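Trainee: Have a look at this fold, sequence not included:
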């Protein structure tokens, strides 16, 4: 023993649990997020956040949709979806209208400027992923992304 409640190799007891926590998902996810954020600022930015790009990308690929559906597909909580969409509307990247059939529903449509921005930035966004996954072979990339998707989906349930 080394004067703590764990052997010198740090594999058991309270210290072992702390080591496991420090090497666990939380710290790794945080570090991965920090790296992605740094690369985003350097290579994409355009005063556009990752979630805003996701919204534009979804509208670009799926067409107009109601605000609730868009929020769900983009994994946005209700408290952030409306202000984000308003910022995008203010910049002329989306249009928000009331649904003629249900005046309580808001429909969101990408504008030409939003479509152009999403299309222009998409290669840089893909480039960030490529850079972050460069040390994996193609099979490892697929496995890593698949496992991440499974973890996210399981956490949503």
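Mentor: That came through, no problem. Please read these numbers as outputs of a predicted model, since none were measured by experiment.
Trainee: Can you give me the neighbour number for residue 132?
Mentor: 15 (other C-beta atoms under 10 Å). From N, CA and C alone the C-beta is placed, and that goes for glycine too.
Trainee: Now for the nearest residue in space to residue 67 that is not next to it in sequence: which residues touch it?
Mentor: Of all residues not flanking residue 67 in the chain, residue 106 sits nearest, at 4.4 Å (C-beta to C-beta, 6 or more residues apart in numbering). Neighbour list for residue 106: 66, 67, 96, 97, 98, 99 [criterion: C-beta atoms under 8 Å, 6 or more residues apart in numbering].
Trainee: Tell me which stretches of the chain form strands.
Mentor: 65-66, 94-98, 106-110 (DSSP state E).
Trainee: In TSV, list those strands along with distance to residue 84 and mean pLDDT.
Mentor: Compiled in TSV, the strands of the chain are given as follows (distance: least, C-beta to C-beta, whole Å; pLDDT from 0 to 100):
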stretch	distance to residue 84	mean pLDDT
strand 65-66	15	95
strand 94-98	10	96
strand 106-110	11	96
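Trainee: Would you mind finding the most buried of these?
Mentor: strand 106-110 (a mean of 19; mean count of other C-beta atoms under 10 Å).
Trainee: now that one and strand 94-98, what's the angle there?
Mentor: Using axes from the mean of the first three to the mean of the last three C-alpha atoms, to 10 degrees, the inter-axis angle of strand 106-110 relative to strand 94-98 is 160 degrees.
Trainee: Strand 106-110: partners in the sheet, and parallel or antiparallel?
Mentor: strand 65-66 (antiparallel), strand 94-98 (antiparallel) (DSSP bridges).
Trainee: and residue 60, what pLDDT?
Mentor: Listed pLDDT for residue 60 reads 98.
Trainee: Check residue 70 too.
Mentor: pLDDT recorded at residue 70 is 96.
Trainee: roughly how far apart are it and residue 102?
Mentor: 15 Å (C-beta to C-beta, to the nearest Å).
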